[in-house]
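K.L.:
please work out how this folds:
(one chain, ligands or ions: 2)
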Amino acid sequence: MKIALLGYGRMGKTIEQIALQRGHEVVLKVDEHTKNYDIKTADIVIDFSIPAVAFNNISNCLNNNVPVVSGTTGWLDKFNIAAELCKQNNGAFIYASNFSLGVNIFFELNEYLAKMMRNLNEYQISMEEIHHTKKLDAPSGTAITLAEGIIKNSDKKSWALNVTNKETEIPIIAKRINDVPGTHSVTYNSSIDTIDIKHTAHSRDGFALGAVVAAEWLVGKTGVFTMKDVLGI
Ligand SMILES: NC(=O)C1=CN([C@@H]2O[C@H](COP(=O)(O)OP(=O)(O)OC[C@H]3O[C@@H](n4cnc5c(N)ncnc54)[C@H](OP(=O)(O)O)[C@@H]3O)[C@@H](O)[C@H]2O)C=CC1
Ligand SMILES: O=C(O)C1=N[C@H](C(=O)O)C[C@H](O)C1
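P.N.:
Ligands and ions are numbered 1, 2, ... in the order given. Here you go, the predicted structure:
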């Protein structure tokens, strides 16, 4: 496949390495300084850019009939507009807050646990995410997906960053430490015991591999998809 990378930072560079190892060609690399470029030279775009430009990048792809995989977080207030644009243009689009296989298994485990904990009111739930100090958004997209998975399967109604006084809110503590690639945990605490589930990324390779696998899967399809579709879980 001919791949265009919108965003050529930590993730763009890791994706390039994995794409080349899997026999693909990177025909375009766009960063903040790239002036004029044509995404139509590519079979697929992979967008790992910044929250402020992700929606424009995705719209540009959909308006030019180029399939697009996006992992950029922090722009999801416009997700429904992007999904509608994809449908109108008969395009192809996958967004995931986290492309790694391990985290997508963790998402399933989180929902299963939330269902089991639903009526156990003696347990207090909390979440923690830890990332490197260069991260622009908080809480992480992955933490928001985890919180949504709990809300869908419990009587919690919303999440709150760092502090909450409301029984119906899930507190998400966001920590920024050195070069941490991404650590997420969900904790149910009672006076008797604590149940923790945790995913620790050791590098960015899992995110990048998942994004390239999603791109390979998306080419030739039309619709708005998720990593559940790609992984068949
Ligand atoms: N879904 C997932 O699995 C994962 C998602 N992410 C998300 O991916 C995004 C990128 O992360 P990361 O690579 O660490 O961030 P970086 O800051 O390292 O990279 C962002 C890149 O976007 C570029 N950029 C800035 N403006 C534009 C623009 N107008 N058009 C195109 N590119 C632009 C930057 O350019 P310049 O270098 O010139 O500043 C940089 O190359 C974040 O939102 C992060 O949360 C991260 C890991 C996994
Ligand atoms: O910015 C990052 O680095 C990461 N962002 C994603 C998120 O916001 O969840 C995924 C991963 O945790 C790394």
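K.L.:
any idea which residue is closest to the centre of this structure?
P.N.:
Centre of the chain computed as the mean C-alpha position; nearest residue by CA atoms, centre = their mean is residue 97, 1.1 Å away.
K.L.:
just confirm that one contacts residue 137, I think it does.
P.N.:
No. Using CB atoms under 8 Å, residue 97 is not in contact with residue 137, being 10.4 Å away. Just so you know, the C-beta spots here come from the backbone N, C-alpha and C atoms, and that holds for glycine as well.
K.L.:
re earlier: OK, contacts around the residue nearest to the centre of the chain?
P.N.:
Under the criterion of CB atoms under 8 Å, 6 or more residues apart in numbering, the neighbours of residue 97 are 71, 73, 140-142, 144-145.
K.L.:
ok, for it, nearest residue in space, not its chain neighbours?
P.N.:
Counting by CB to CB, 6 or more residues apart in numbering, residue 97 lies nearest to residue 141, which is 3.2 Å off, once chain neighbours are set aside.
K.L.:
residue 74 is in contact with the one you found, correct?
P.N.:
Yes. Using CB under 8 Å, residue 141 makes contact with residue 74 at a distance of 6.9 Å.
K.L.:
now pLDDT and secondary structure too, for the contacts of residue 97, in JSON lines please.
P.N.:
Conversion of these to JSON lines gives the following (pLDDT from 0 to 100; DSSP: H, G, I helix; E, B strand; the rest coil):
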{"residue": "71", "pLDDT": "98", "secondary structure": "coil"}
{"residue": "73", "pLDDT": "98", "secondary structure": "coil"}
{"residue": "140", "pLDDT": "98", "secondary structure": "coil"}
{"residue": "141", "pLDDT": "98", "secondary structure": "helix"}
{"residue": "142", "pLDDT": "98", "secondary structure": "helix"}
{"residue": "144", "pLDDT": "98", "secondary structure": "helix"}
{"residue": "145", "pLDDT": "98", "secondary structure": "helix"}
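K.L.:
contacting ligand 1 as well, which ones from those residues?
P.N.:
Contacts with ligand 1 within these, counted by CB under 6 Å from any ligand atom: 71, 73.
K.L.:
tell me the one of the contacts of residue 97 nearest residue 92?
P.N.:
Out of those, the one with the shortest distance to residue 92 is residue 71. That distance is 15.5 Å, counting by CB to CB.
K.L.:
list the contacts for the closest one?
P.N.:
Under the criterion of CB under 8 Å, 6+ apart, the contact partners of residue 71 comprise 11, 46-48, 95-99, 207, 211.
K.L.:
so what's whatever residue of the chain ends up closest to ligand 1 up against?
P.N.:
Evaluated by CB to the nearest ligand atom, the chain has residue 9 as its residue closest to ligand 1, separated by 2.0 Å. Contacts here follow CB under 8 Å, 6+ apart; on that basis residue 9 touches 31, 48-49.
K.L.:
residue 26 is in contact with residue 13, isn't it?
P.N.:
No. Contact between residue 26 and residue 13 fails when scored by CB under 8 Å: they sit 10.3 Å apart.
K.L.:
between those two, which is the more surrounded one?
P.N.:
Here residue 26 and residue 13 are set side by side on neighbour count (other CB atoms under 10 Å), and the busier one is residue 26, at 19 against 15.
K.L.:
surely that one forms part of a strand?
P.N.:
Yes. Counting by DSSP: H, G, I helix; E, B strand; the rest coil, residue 26 is located in a strand.
K.L.:
just the residues contacting the host helix or strand of residue 129, thanks.
P.N.:
Residue 129 is located in strand 124-131, with elements delineated by DSSP states H and E. Counting contacts by CB under 8 Å, 6+ apart, the residues outside strand 124-131 that touch it are 117, 138-140, 142-143, 146-147, 150, 154, 156, 159, 170-177, 180-190.
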